[in-house]
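Colleague: below are the sequence and a predicted model for it; my questions follow.
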Amino acid sequence: MVAHVQTLALQGLHGLPVQVEVQVTGGIQGIFIIGLPSNAVKESRDRVRGAFHALGISLPDKRVTVNLSPADLAKDGSHFDLAIALGLLLAFGIVPEDSAQGVVAMGELGLDGTVRPVAGCLPAALHAAAQGATAMLVPAANGAEAAWAGQSSSMGGGMAVYGVESLHQLIRHLRGEELLASVRPQARGRDMASWGDLADIRGQEGAKRAAEIAAAGGHHLLMSGPPGSGKSMLAARLPGLLPPLTPSEALEVSMIHSVAGTLGADTEGGLVTARPFRDPHHSASSVALTGGGLKAKPGEMSLAHRGVLFMDELPEFPRTVLETLRQPLETGAITISRASAHVTYPARFQLIAAMNPCACGYLGDPQKGCKKQPVCGQDYTTRLSGPLLDRFDLRVSVPAMKVSDLSLPPAKEGTETVAARVLMARQRQTERFSGLSGKVVCNAELNGKLLDTFCPLDIEGQKLLQTAAEKMGLSARGYHRVLRVARTIADLAGEADIRRPHLAEALAYRVL
């Protein structure tokens with residue numbers, strides 16, 4: 001007899017069907033796993049043996065062959081444990097032969113028989129539902145995220161998801177002795193109050209206005225100012241201005257975090273509903289930002305998809321790390337090419353960066369500035385390449401705070417008020433781009449013919465932009481980014497057309 005159990009291998013965000021075949025024959029005693037298993041998969045035999053021993057199940061003195069089909073597909077990860085154990089239970093007759101029909105299983109086993117969480121359950125469940133699976137067995141900690149796939153009619157629908165805590169519980173369920181209840185989908189979010197209130201920042205009205213425009217249009221923002229001027233505080237409050245993720249965005253973001261193993265970081269599990277905010281340290285490597293490693297996991301750029309990637313002390317990042325940002329900022333995706341993997345992850349993030357004007361941080365200050373100014377400021381800025389600087393839609397100077405500013409009362413407009421304006425501007429963009437099938441969701445993503453369609457200028461506006469572009473030496477990319485920012489400023493003002501004041505303000509943000 002050969003027992004068959006369905007499971008999945010993961011390649012980026014895509015699931016690949018794998019069939020576990022278990023055969024018990026005479027010969028050398030032991031469990032032998034074939035089908036291009038990695039070391040993590042080979043070690044599964046010891047984890048399964050330990051789990052069986054904890055349940056008092058003794059393995060027969062026979063040869064147990066476990067084949068992972070297709071045999072030419074490399075298998076990696078500990079999530080094959082549960083499927084292999086289920087195959088053994090079927091082969092030994094411990095559970096009924098038909099109990100695994102239409103069932104997909106994935107999970108890691110502990111030596112005590114517990115089923116431990118694994119990464120990638122959400123994309124695996126989506127693939128299983130699309131392939132017509134009737135049920136999926138996952139670790140209890142991953143049940144909330146996987147349940148979304150079972151509920152989605154567009155992905156097949158009708159698939160029951162069961163969260164398994166232990167191998168003993170699974171045996172009782174398959175025998176019909178104690179049936180598990182299917183898991184209901186859950187969502188997790190973050191209270192916007194935890195981001196802090198924009199009213200906490202005294203003064204800096206120009207920088208606040210730039211942050212509002214950036215949030216309204218999904219634009220990239222670069223802030224430059226001396227230490228203590230409030231750049232980091234402002235960046236930390238930007239997620240509170242952004243609208244919540246749409247259902248499709250939440251699913252996409254959650255899939256990335258599921259593959260990275262960060263989706264179940266809290267006790268609730270489920271989908272991510274708040275926009276991500278990632279702030280890597282300036283010592284981060286290029287692999288940490290782009291992704292990679294042995295399993296080609298997503299990096300900070302992909303983990304910030306549909307959210308904010310905040311890079312403080314931007315010039316302090318290694319030049320090689322900064323240059324990896326250039327292509328994803330244009331394409332919204334990052335491809336990880338390795339000898340053993342070729343994976344593409346979405347990376348449509350909003351880059352918010354902060355920097356000091358020079359190495360000492362006090363360029364232009366006669367008391368605190370170093371003796372090398374203004375040369376130190378020029379040398380410090382040259383750490384950033386021209387093509388990277390050109391990709392920032394908004395560049396704003398954040399002046400030093402005065403002592404008198406600290407005693408000012410809180411600003412009249414806090415996060416809630418500004419976020420309402422941002423939401424209205426985003427709703428206008430959603431209506432405007434409704435016929436594009438989700439290809440464009442905000443003004444920052446406009447390009448090519450779409451700019452001509454949605455950002456037309458009257459004769460007066462064309463003359464202003466052309467004259468300014470020639471005097472400022474704007475590149476074609478810079479010219480288009482001014483148009484996008486002007487479109488967002490018009491949306492915030494509730495204007496259907498881009499006018500001279502909108503263009504003038506957008507042009508002001510091209511000078512740092």
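Modeller: Looks like it arrived, so ask away. Small disclaimer: the values here were computed from a predicted structure and weren't measured.
Colleague: please parse this structure into its domains.
Modeller: Here the domain parsing of the chain from automatic domain parsing is 2-185, 192-419, 446-512.
Colleague: ok now the shortest one, how far from the chain's centre?
Modeller: Looking back up the chat, that one is domain 446-512. Centre-to-centre, domain 446-512 and its host chain are 30 Å apart (C-alpha atoms, centre = their mean, to the nearest Å).
Colleague: show the end-to-end separation of that domain, please.
Modeller: 24 Å (C-alpha to C-alpha, to the nearest Å).
Colleague: thinking again about what came up before, least reliable of the domains of the chain by average pLDDT, please.
Modeller: Lowest mean pLDDT within the domains of the chain: domain 192-419, at a mean of 87.
Colleague: ok so, going back, quick one: which of the domains of the chain is nearest Gln429?
Modeller: Taking C-beta to C-beta as the criterion, Gln429 comes closest to domain 446-512 out of the domains of the chain, the separation being 6.4 Å. The way it works is simple: take the backbone N, C-alpha and C, and place the C-beta from them, glycine included.
Colleague: what about the helices in the stretch 1-150 of the chain?
Modeller: Using DSSP state H, counting those that start in this stretch, the helices of the stretch 1-150 of the chain run over 39-42, 44-54, 81-91, 121-130, 143-151.
Colleague: dead centre of the protein: give me the residue that sits there.
Modeller: The centre of the chain sits closest to Leu303, judged by C-alpha atoms, centre = their mean, with a distance of 2.8 Å.
Colleague: isn't that one up against Pro276?
Modeller: Yes: if you go by C-beta atoms under 8 Å, Leu303 and Pro276 touch, sitting 6.1 Å apart.
Colleague: who touches both of the two?
Modeller: His257 (C-beta atoms under 8 Å, 6 or more residues apart in numbering).
Colleague: and the helices in the stretch 351-500 of the chain?
Modeller: 375-381, 386-390, 403-406, 415-432, 449-454, 459-472, 476-492, 500-508.
Colleague: and the closest residue in space to the residue nearest to the centre of the chain that isn't next to it in sequence, backbone torsions?
Modeller: Once flanking residues are discounted, Leu303 sits nearest to Arg278: 5.4 Å by C-beta to C-beta, 6 or more residues apart in numbering. Arg278 adopts backbone torsions of phi -120, psi 130, taken as degrees, to the nearest 10.
Colleague: and Arg278, what does it touch?
Modeller: Glu300, Leu303, Ala304, Gly307, Val308, Leu309, Phe310, Phe349.
Colleague: against Asp393, how distant is the closest residue to the last one other than its chain neighbours?
Modeller: Pointing back at Phe349 there. Spatial nearest neighbour of Phe349, excluding adjacent residues (C-beta to C-beta, 6+ apart): Ala304 at 3.9 Å. Going from Ala304 to Asp393 by C-beta to C-beta, to the nearest Å gives 17 Å.
Colleague: what ranges do the strands span in the stretch 51-200 of the chain?
Modeller: With DSSP state E, counting those that start in this stretch as the criterion, the stretch 51-200 of the chain has strands at 63-69, 103-105, 108-109, 115-116, 135-139, 160-164, 187-188.
Colleague: make CSV out of the ones you listed and add mean neighbour count.
Modeller: Formatted as CSV, the strands of the stretch 51-200 of the chain follow (neighbours: other C-beta atoms under 10 Å):
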stretch, mean neighbour count
strand 63-69, 20
strand 103-105, 26
strand 108-109, 24
strand 115-116, 23
strand 135-139, 26
strand 160-164, 23
strand 187-188, 18
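Colleague: relative to Glu177, which of those is closest?
Modeller: Nearest to Glu177, of those and by C-beta to C-beta, is strand 160-164 at 14.4 Å.
Colleague: so that closest one versus strand 135-139, what angle?
Modeller: Relative orientation of strand 160-164 and strand 135-139, computed by axes from the mean of the first three to the mean of the last three C-alpha atoms, to 10 degrees: 30 degrees.
Colleague: tell me how many other residues crowd Ala496.
Modeller: Per other C-beta atoms under 10 Å, the neighbour tally for Ala496 reads 8.
Colleague: now do the contacts for it.
Modeller: By C-beta under 8 Å, 6+ apart, the contact list for Ala496 reads Ala490.
Colleague: what packs against the host helix or strand of Ser258?
Modeller: Element membership for Ser258 (DSSP states H and E) is helix 247-260. Where contact means 3 or more C-beta pairs under 8 Å, 6 or more residues apart in numbering; DSSP states H and E, helix 247-260 is packed against helix 121-130, helix 143-151, strand 271-272, strand 297-298, helix 300-303, strand 342-346.
Colleague: same thing but at 7 Å, please
Modeller: helix 121-130, helix 143-151, strand 271-272, strand 297-298, helix 300-303 (3 or more C-beta pairs under 7 Å, 6 or more residues apart in numbering; DSSP states H and E).
Colleague: which other helices and strands does the longest one contact?
Modeller: In this case it means helix 121-130. Helix 121-130 packs on strand 2-11, strand 14-25, strand 135-139, helix 143-151, helix 247-260, going by 3+ C-beta pairs under 7 Å, 6+ apart.
Colleague: would you list those in a markdown table and tack on distance to Ala493?
Modeller: Below are the helices and strands packed on helix 121-130 laid out as a markdown table (distance: least, C-beta to C-beta, whole Å):
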| stretch | distance to Ala493 |
| --- | --- |
| strand 2-11 | 46 |
| strand 14-25 | 43 |
| strand 135-139 | 49 |
| helix 143-151 | 38 |
| helix 247-260 | 26 |
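Colleague: any idea which of the helices of the stretch 351-500 of the chain is most buried?
Modeller: Highest mean neighbour count of these: helix 476-492, a mean of 22 (counted as mean count of other C-beta atoms under 10 Å).
Colleague: return the member of the contacts of Arg278 nearest to Arg172.
Modeller: So of the contacts of Arg278, ranked by how close each gets to Arg172 (C-beta to C-beta), first place is Leu303, at 38.2 Å.
Colleague: that closest one contacts Ala260, doesn't it?
Modeller: Yes: with contact defined as C-beta atoms under 7 Å, Leu303 counts as touching Ala260 (6.2 Å).
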